[in-house]
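Novice: Sequence and predicted structure are below.
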Amino acid sequence: MRPGPRNLITDVASLTVGNAQDATLKSGVTVLTADAPFVASVSVMGGAPGTRDIALLEPDKTVQQVDALVLSGGSAFGLDAVSGVMDGLRAVGRGFAIGAARVPIVPGAILFDLLNGGDKGWDVSPYPALGRAAFDACDPDFRIGSAGAGMAPRAGATGLTLKGGLGSASVILDNGMTVGALVAVNALGQVTVGDGPHFWAAPFEMEGEFGGLGPSGSHNPAAELWVDTPQGSATTIAIVATDAALTQAQAKRLATAAHDGLARAIVPAHTALDGDLVFACATGAVEMVDVVRDGMRLGHAAAICLSRAVARAVYAARPAEGDIFPTWSEMFAPDL
């Protein structure tokens, strides 16, 4: 198992990702799409999710493929970003055919970043325009850190609070399949250990991608007591992807397995105030030889990728004017 050439979710061939953000708003949108419709499903384990059209992703539903997936800031307002993405897809002739009509299928999820210091006093929601801009920016190469849906969220509201961000990672398996992860980190739990620089995801790091500090080895998460939880909600929203040929039911299993990655990288994860959610998608370019064994490998790889992507998001976040949360680099590596 090794990172792909970009170490991004777009190492899964045909996938592209676009970001759009507003520095004054301190929020943004991230869109994942592909050259053709792709199989997708979802697993929700947080207690406070905000979503659009995710019921379509259950295996018993009629529509088995989607045209894009959206991760957005803005809490419930951010769900409007999906409309902008649908406009972009419609403009290029994409969508589920119903007679002469085409309806783009675009599930989305949001995180809460309304109290992050940005100007939220809009009269007209900015999110449809951000969604369209993110779709128009879709490309195999994209920025992580303070970008898109990870423009200025927070990580670790119950302890050391850092600026969150957008993260991504990939692996190529020995069987030739590729797995990638994309995540917007806005967690109630901490991604770092205690008050230090070490990431909970350190055991899964590859090639020094988030500092190469290794595990802390000196902190017991069971010793922590969270007594002062913040108002509002948090939420880490993610996508895992593979080039394997999966059914929608298998994609749902992949999304479920990937949640292990959140639990390894964020302590605690899946709380009542987080809307933690993982989409899973499959482009179908590579047939599985052994459905059971290959499925297990894919789930394991997705969890590892997602853990690494969480740490990379916070590691890559950079300071901006008006921030109310310090970045990891400001706290522990000011020369980065």
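Specialist: Looks like it arrived, so ask away.
Novice: what comes up buried for stretch 328-336?
Specialist: Within stretch 328-336, the residues that count as buried by 16 or more other CB atoms under 10 Å are Trp328, Ser329, Glu330, Phe332. Any C-beta I mention is one placed from the backbone N, CA and C, and that applies to glycine too.
Novice: Now name the helix or strand holding Cys305.
Specialist: Assigned by DSSP states H and E, Cys305 falls within helix 291-316.
Novice: Show me the helices in the protein, by range?
Specialist: 81-91, 127-136, 248-265, 291-316, 328-332 (DSSP state H).
Novice: Next, format the ones you listed as JSON lines and append distance to Arg154 and mean pLDDT.
Specialist: Output for the helices of the chain, formatted as JSON lines (distance: least, CB to CB, whole Å; pLDDT from 0 to 100):
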{"stretch": "helix 81-91", "distance to Arg154": "20", "mean pLDDT": "96"}
{"stretch": "helix 127-136", "distance to Arg154": "19", "mean pLDDT": "98"}
{"stretch": "helix 248-265", "distance to Arg154": "15", "mean pLDDT": "96"}
{"stretch": "helix 291-316", "distance to Arg154": "10", "mean pLDDT": "95"}
{"stretch": "helix 328-332", "distance to Arg154": "12", "mean pLDDT": "93"}
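Novice: Quick check: closest non-adjacent residue to Asp243.
Specialist: Ala285 (4.4 Å; CB to CB, 6 or more residues apart in numbering).
Novice: what's the spacing between Ala134 and Ala97?
Specialist: Counting by CB to CB, to the nearest Å, the separation of Ala134 from Ala97 is 25 Å.
Novice: quick one, which of those two is more surrounded?
Specialist: When Ala134 and Ala97 are compared for neighbours, Ala134 comes out ahead with 32 against 8, by other CB atoms under 10 Å.
Novice: Quick check: can you name the pairing partners of the helix or strand bottoming out on mean pLDDT in the chain and their directions?
Specialist: Least confident helix or strand of the chain, by mean pLDDT, DSSP states H and E, is strand 96-98 with a mean of 87. Taking DSSP bridges as the criterion, strand 96-98 forms sheet pairs with strand 101-103 (antiparallel).
Novice: tell me the mean pLDDT for the strand it pairs with?
Specialist: Confidence for strand 101-103, expressed as mean pLDDT, is 90.
Novice: So what touches it?
Specialist: Arg90, Gly93, Arg94, Gly95, Phe96 (CB atoms under 8 Å, 6 or more residues apart in numbering).
Novice: Most neighbours of all those residues, which one?
Specialist: Within the contacts of strand 101-103, neighbour counts (other CB under 10 Å) peak at Arg94, which reaches 19 neighbours.
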